[in-house]
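Colleague: Here you go, sequence then predicted model.
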There are 2 protein chains.
Amino acid sequence: MISEKMKPLVQNNSAIRAMFEEGKRLAAIYGAENVYDFSLGNPNVPAPEAVKTAIMDILNEEESNFVHGYMSNAGYEDVRETIAQSLNERFGTNFHLENVIMTVGAASGMNIILKTLLNPGEEVITFAPYFVEYGNYVRNYDGNLVVVSPNTENFQPNLTEFQEKITKKTRAVIINSPNNPTGVVYSEETLAQIGRILTEKSREIGHGIFLISDEPYRELAYDGVAVPFVTKYYDNAIVCYSYSKSLSLPGERIGYVLIPDAVEDAEEVTAAAVIANRVLGCVNAPSLFQRVIKRCVNEQVNLEAYDRNRNRLYGALTEYGFTCIRPQGAFYLFVKSPLEDEKEFCRICKEHHVLVVPGSSFACPGYVRISYCVSYQQIERSLPAFQKIAAETIG
Amino acid sequence: MISEKMKPLVQNNSAIRAMFEEGKRLAAIYGAENVYDFSLGNPNVPAPEAVKTAIMDILNEEESNFVHGYMSNAGYEDVRETIAQSLNERFGTNFHLENVIMTVGAASGMNIILKTLLNPGEEVITFAPYFVEYGNYVRNYDGNLVVVSPNTENFQPNLTEFQEKITKKTRAVIINSPNNPTGVVYSEETLAQIGRILTEKSREIGHGIFLISDEPYRELAYDGVAVPFVTKYYDNAIVCYSYSKSLSLPGERIGYVLIPDAVEDAEEVTAAAVIANRVLGCVNAPSLFQRVIKRCVNEQVNLEAYDRNRNRLYGALTEYGFTCIRPQGAFYLFVKSPLEDEKEFCRICKEHHVLVVPGSSFACPGYVRISYCVSYQQIERSLPAFQKIAAETIG
């Protein structure tokens, strides 16, 4: 009885669910503490205390009908202005409230923008490895996702192939930095080159190409690395942001879309995006958490916990002989599978009660993703298992 | 630069926005207390105190990573079970947690279900007057909304025309009771007849027809009227519920979709709906408010306030000579325009600083919608204006 479009999604989903169920099954048999689940991107660092304080204060200080009520579909004006000003202070930009649309997380922001821009049959380019949902988001609007193959040298995007894949049908490009699954931060040079290529190609094909920057990991960077702000390198750039990771609020679904004035037809694009927010059924971003963001715009989770995890796990795995690019952001390690078939490697990991995600789920076979947004104790406990896996697969 | 599909939406939107701006403009000139805005469905009765208490308790008693974290895309299992049990106690049904998917309000629930069911070119039937967004929701999935003309006798649906409009292309039917904009509650007899017609027609056309019941106003009924529970009258019935009105939380975007076991291919439909929730970008319903619902499942806003507004405004308007069906639910009056062109009537109302919505926005010209989810004081203050409008238009 379900629609033709949903059928392959239901089919596919069973595989992911099977992995999920397998984790539960193992935990039931061996005890949760003896199963090392590195498969999920669910933050383990708690939200900053300021979030709790903000909620309490809001409930005591602001009117119920205001806090929980409808507002403009784009969000409360004071919240949007606060975000714009915070960006301006940090990045020297010139945004104002009209550039900001509050959304039900970045995933919803991506849907809103793709609905706003895409005509059936148009193409959206992204770079492998990439978050698997991009394909679903693009197909929601009958677009086609075009994938640039991975540059496994350093996991910066492959710009030569990128250039070749831009056609008259290209409507947008999705980037994600710090990157899920590699943890790599796109360099200034990378962004500047992407900007140059898109400017040139837009002229060549005769219409603008939008750069959509999916940035749930923007604030998660280590080693003092600065994540370059994308709108400085290309005018036609739209940011989809989420507080899921920076404030550890993934379940609350709170984020925004930033459409700078410099975007082509910015006013029309913004108006359409606000309507898309409404007609796709979100209507507006959750109101209480909009109010929370106003009070917590410059707050951040304890990054040191992730950094400690990163250093411990990266250090141990490379010591055991695994090959992995040192991640500078997000909370993932993207480890080269010692076996050609990384699914076989995942199977062996599972024998040692270690759950990791095959790179083919990110269009990058031969690698596995390890999420280190887990307790430090889980990492410590898992190391003997990783050592055995190394012995078994690297030799 | 925006997509072809979004263009008419942006075009159309300007008209609604213009009305909005007009209200603001009038308030700026004459003072907000001298402008009587009856155009919005934004509840003025505050959320029950229990909601605030629940939030405080949750933040003090439950772990941050649990309260604000990811859960299954369908929602927390204990919340879904609580809702199922609450329905069972009230309606003598037999639901369980697997029947309930938590959603970003009813609007998102509608989108999820339509994405789950609709193939391009298929038809969804609804009854005028109806909430204008239904057309947008259906078009999101390339379906066509087929509208049954209004039965202005008593605003129960016109079932003869309904029967005639069911074709092989009919995939679903949307109903909304208590109804926006009429306030009418569909009777048991109406639902039973709809069920009979759909059962018969499903057999005739050779495939199931889903009945989608949009129920944000379910708990808002007066005069002791019981709103019949739709799943009792037809097996293939899916409910889209929202706590926007029953708990005055419209900005929080919290609701659920109920897919009973009796629905055709219920398991597949449910699986697809959960995936649709994810790929449309909601991912899950806001987590804190899911936890709130668990604790407040049997709470309700103060209905007496709406009832008092209803009686005062209905009484006054009919006394002044206006014709209006006495609403038994929701918080709207659907008043017959004394002038043939109800837009002209709206214009005259505006001259008296009274803002109401033309019935043509609900596919029912010749009427206007008056929202009485406003302060009692606003109603009192507006009555002289209504009296003048009556004098001017009824004579």
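Modeller: It's in.

Colleague: Whichever strand or helix holds A:Lys388 close to chain B?
Modeller: Element membership for A:Lys388 (DSSP states H and E) is helix A:376-393. No: between helix A:376-393 and chain B, judged by C-beta under 8 Å from any C-beta of the partner chain, nothing touches; the nearest distance is 13.6 Å. All C-beta spots, glycine's among them, are computed from the backbone N, C-alpha and C.

Colleague: Please apply the same query to stretch A:133-153.
Modeller: Yes: legend: contact between stretch A:133-153 and chain B by C-beta under 8 Å from any C-beta is shown at A:Glu133, A:Asn136, A:Tyr137, A:Asn140, A:Tyr141.

Colleague: Just the helices from the stretch 201-350 of chain A, written as ranges.
Modeller: A:266-279, A:287-296, A:303-319, A:342-351 (DSSP state H, counting those that start in this stretch).

Colleague: of all those, which lies closest to A:Arg218?
Modeller: Nearest to A:Arg218 among those is helix A:303-319 (12.2 Å), distances taken as C-beta to C-beta.

Colleague: how big is the angle separating that closest one from helix A:376-393?
Modeller: Orientation check (axes from the mean of the first three to the mean of the last three C-alpha atoms, to 10 degrees): helix A:303-319 against helix A:376-393 gives 20 degrees.

Colleague: Mind giving me the packing neighbours of helix A:303-319?
Modeller: Helix A:303-319 is packed against strand A:332-336, helix A:376-393, with contacts defined by 3 or more C-beta pairs under 8 Å, 6 or more residues apart in numbering or on different chains; DSSP states H and E.

Colleague: other SSEs contacting the first one?
Modeller: Packing contacts for strand A:332-336, counted by 3+ C-beta pairs under 8 Å, 6+ apart, involve helix A:303-319, strand A:367-371.

Colleague: gap between the longest one and the chain center?
Modeller: Which is helix A:303-319. Mean C-alpha position of helix A:303-319 versus that of the full chain (C-alpha atoms, centre = their mean, to the nearest Å) differs by 20 Å.

Colleague: List the contacts of it.
Modeller: A:44-45, A:183, A:219-220, A:222, A:324, A:326-327, A:331, A:333, A:335, A:370, A:372-374, A:376, A:379-380, A:383, A:386 (C-beta atoms under 8 Å, 6 or more residues apart in numbering or on different chains).

Colleague: Kindly report the same for stretch A:221-228.
Modeller: Residues contacting stretch A:221-228 (C-beta under 8 Å, 6+ apart): A:177-178, A:185-188, A:191, A:218, A:303, A:306-307, A:310, A:327-329.

Colleague: Give me the buried positions along it.
Modeller: For stretch A:221-228, the neighbour count (16 or more other C-beta atoms under 10 Å in any protein chain shown) marks A:Ala221, A:Tyr222, A:Val227, A:Pro228 as buried.

Colleague: Can you tell me who the first one pairs with across the strands?
Modeller: Beta-bridge pairing for A:Ala221 (DSSP bridges): A:Gly329.

Colleague: Then A:Ala237?
Modeller: Bridge pairing for A:Ala237 - DSSP bridges - gives A:Leu211.

Colleague: can you tell me which residues contact A:Phe95?
Modeller: A:Ala84, A:Gln85, A:Leu87, A:Asn88, A:Leu258, A:Pro260.

Colleague: mind checking the SS state of it?
Modeller: coil (DSSP: H, G, I helix; E, B strand; the rest coil).

Colleague: still on that earlier bit, of all the residues of stretch A:133-153 next to chain B, which comes closest to A:Lys165?
Modeller: Out of the residues of stretch A:133-153 next to chain B, the member with the shortest distance to A:Lys165 (by C-beta to C-beta) is A:Tyr137, at 18.5 Å.

Colleague: how much distance is there from the helix or strand hosting the closest one to the middle of the chain?
Modeller: A:Tyr137 is part of helix A:133-140 when elements are defined by DSSP H and E. Distance, stretch centre to chain centre, for helix A:133-140: 14 Å (C-alpha atoms, centre = their mean).

Colleague: Restrict that helix to CA atoms and write it as CSV.
Modeller: Output of helix A:133-140 as CSV, limited to C-alpha atoms (Å, rounded to 0.1, in the frame of the first residue of the first chain):
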residue,chain,number,x,y,z
GLU,A,133,20.8,11.0,3.9
TYR,A,134,21.8,13.6,1.3
GLY,A,135,20.6,11.1,-1.4
ASN,A,136,17.2,10.9,0.2
TYR,A,137,16.9,14.6,0.7
VAL,A,138,17.6,15.3,-3.0
ARG,A,139,15.3,12.5,-4.2
ASN,A,140,12.5,14.0,-2.0
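
Colleague: what's the angle from the next helix or strand after it to helix A:133-140?
Modeller: Note on helix A:133-140: by DSSP H and E, the next helix or strand toward the C-terminus is strand A:144-148. Going by the same axes, to 10 degrees, strand A:144-148 is angled at 150 degrees with respect to helix A:133-140.
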